[in-house]
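1. fold the following.
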Amino acid sequence: MSSPGAALALAAFALVCACSPAIAQTGKSPAPKTGGESAGMYSRYTDESNVVSPKYLGKADVDVLAEAELMPALLTALDQLSRYRRVESLPRIIRVPHARIEAMVCKSTCSALAAYRSGEGIYLDERLKPETVLFDRSILLHELVHFLQDVHQQYADMKDCDRWYHREIEAYAIQKTFLAMAGSQVRVGYSARESACDGSPQATKNLPPS
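-> Residues are numbered from 1 along each chain as shown. Model prediction:
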């Protein structure tokens with residue numbers, strides 16, 4: 001998730017990220033909680049309808065990916081699922097204890113599992129196994145979207161809060177599509193109230209990383 005200044009309206013993603021969005025329950029599965037004011041809601045739920053057939057995902061939808069295959073496979077998927085051109089350089093993946101993610105995203109106890117920081121890389125909860133667990137892979141893909149948004153300077157001309165909001169909505173929507181196309185019945189959703197980015201000083205500080 002990327003940082004700026006409070007949250008906004010409604011939409012569709014995983015991980016992570018008023019000022020900090022709160023995570024609430026929606027659908028059939030309990031959703032994790034983040035710290036901060038309730039500017040938005042993240043949900044993880046089961047969709048028992050027919051899933052979309054996997055297509056154009058390279059190897060990103062296979063059961064097991066070697067670590068060296070992981071990022072190239074996700075870039076191939078994003079070639080098809082997003083507006084962003086493929087890039088040569090890749091962000092570092094930094095595996096850290098869950099407490100480190102909490103400190104970066106929520107500054108308190110929460111269920112955030114990853115965060116992208118420009119110039120540093122993607123911080124990933126060390127408990128995640130994107131090589132073998134499809135949902136964990138989708139979390140990494142979500143953060144990779146934020147990396148590509150930075151590379152292509154998407155939303156760069158927006159105010160902090162608006163930029164943060166649009167980056168999150170796009171990343172969650174792409175993650176949700178990826179899960180559907182990869183055949184997963186576990187989905188994600190994200191919503192935030194438009195009134196959260198109201199221009200007040202309180203609404204323009206302390207946004208967590210994506």
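2. ok, which stretches of the chain are strands?
-> Along the chain, counting by DSSP state E, strands occupy 10-11, 40-46, 93-96, 114-117, 121-125, 186-192.
3. tell me where this structure has helices.
-> Counting by DSSP state H, the chain has helices at residues 67-81, 98-105, 134-151, 160-181.
4. quick revisit: pick out the shakiest of the strands of the chain, pLDDT-wise.
-> Of all those, the minimum mean pLDDT falls on strand 10-11 (a mean of 34).
5. shaky segments in this protein?
-> By pLDDT under 70, the low-scoring segments of the chain are 1-56, 189-196, 198-210.
6. correct me, but residue 93 touches residue 126?
-> No: contact between residue 93 and residue 126 fails when scored by CB atoms under 8 Å: they sit 10.7 Å apart. Backbone N, C-alpha and C define where each C-beta goes, glycine included.
7. mind checking which of those two has more residues around it?
-> residue 93 (17 against 13; other CB atoms under 10 Å).
8. for the more buried one, give me its contacts.
-> By CB atoms under 8 Å, 6 or more residues apart in numbering, the residues touching residue 93 are 71, 121-122, 124, 140.
9. what's the ChimeraX syntax to select whichever of these are buried?
-> Applying 16 or more other CB atoms under 10 Å to the contacts of residue 93, the buried members can be selected in ChimeraX as follows:
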select :71,121,122,124,140
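10. out of the contacts of residue 93, which is nearest to residue 98?
-> residue 124 (10.4 Å; CB to CB).
11. just checking, that closest one touches residue 98?
-> No: counting by CB under 8 Å, residue 124 stays clear of residue 98, with 10.4 Å between them.
12. pull up the overlap in contacts between those two.
-> residue 113.
13. could I get the contacts of residue 93 as JSON lines with distance to residue 165?
-> Formatted as JSON lines, the contacts of residue 93 follow (distance: CB to CB, whole Å):
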{"residue": "71", "distance to residue 165": "26"}
{"residue": "121", "distance to residue 165": "23"}
{"residue": "122", "distance to residue 165": "20"}
{"residue": "124", "distance to residue 165": "23"}
{"residue": "140", "distance to residue 165": "22"}
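14. nearest to residue 159, of the contacts of residue 93?
-> residue 122 (24.9 Å).
15. hang on, isn't that closest one packed against residue 142?
-> No: in this structure, residue 122 is not within contact of residue 142 by CB under 8 Å, at 9.5 Å.
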